[in-house]
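Q: next comes the sequence, and after it the predicted model I'd like to discuss.
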Amino acid sequence: MVMGFSIALIVFSALLMLLVLMHKGKGGGLSDMFGGGMQSSVGGSSVAERNLDRITIVVGLLWFACIVALGLLTKSTG
């Protein structure tokens, strides 16, 4: 059981890193240093950006749930 949650945590961690890096920079941060500040969007967020936000939140919650489950499992078995 612990091994399954550990593998899920590794997968969710890698997926969360990729999803965060896929977000468009809002300006004023490190994204400007890498050329993200050159583009400015006049309108609001596109549908793809909103879906990416939702997916990132869901994966983040699953990542957090894996950490909590691992903590409870290791506390009860150890």
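A: That came through, no problem.
Q: just the helices in this protein please.
A: Secondary structure of the chain, counting by DSSP state H: helices at 2-22, 30-33, 47-77.
Q: CSV for those, including mean neighbour count and mean pLDDT?
A: Any C-beta I mention is one placed from the backbone N, CA and C, and that applies to glycine too. Shown next, in CSV, are the helices of the chain (neighbours: other Cβ atoms under 10 Å; pLDDT from 0 to 100):
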stretch, mean neighbour count, mean pLDDT
helix 2-22, 13, 95
helix 30-33, 11, 54
helix 47-77, 13, 94
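Q: how far away is the residue positioned nearest the centre of the chain from Lys75?
A: For the chain, Leu16 is the residue whose C-alpha lies nearest the centre (Cα atoms, centre = their mean; 3.1 Å). Computed as Cβ to Cβ, to the nearest Å, the Leu16 to Lys75 distance reads 24 Å.
Q: is it true that Cys66 touches Ile7?
A: No. Counting by Cβ atoms under 8 Å, Cys66 stays clear of Ile7, with 9.5 Å between them.
Q: for the residue nearest to Ser13 when sequence neighbours are not counted, what are its contacts?
A: Take Ser13 and drop its neighbours on the chain: the residue closest to it by Cβ to Cβ, 6 or more residues apart in numbering is Trp63, 6.4 Å away. Trp63 is in contact with Leu9, Phe12, Ser13, Leu16, counting by Cβ atoms under 8 Å, 6 or more residues apart in numbering.
Q: change it to 10 Å
A: Neighbour list for Trp63: Ala8, Leu9, Val11, Phe12, Ser13, Leu15, Leu16 [criterion: Cβ atoms under 10 Å, 6 or more residues apart in numbering].
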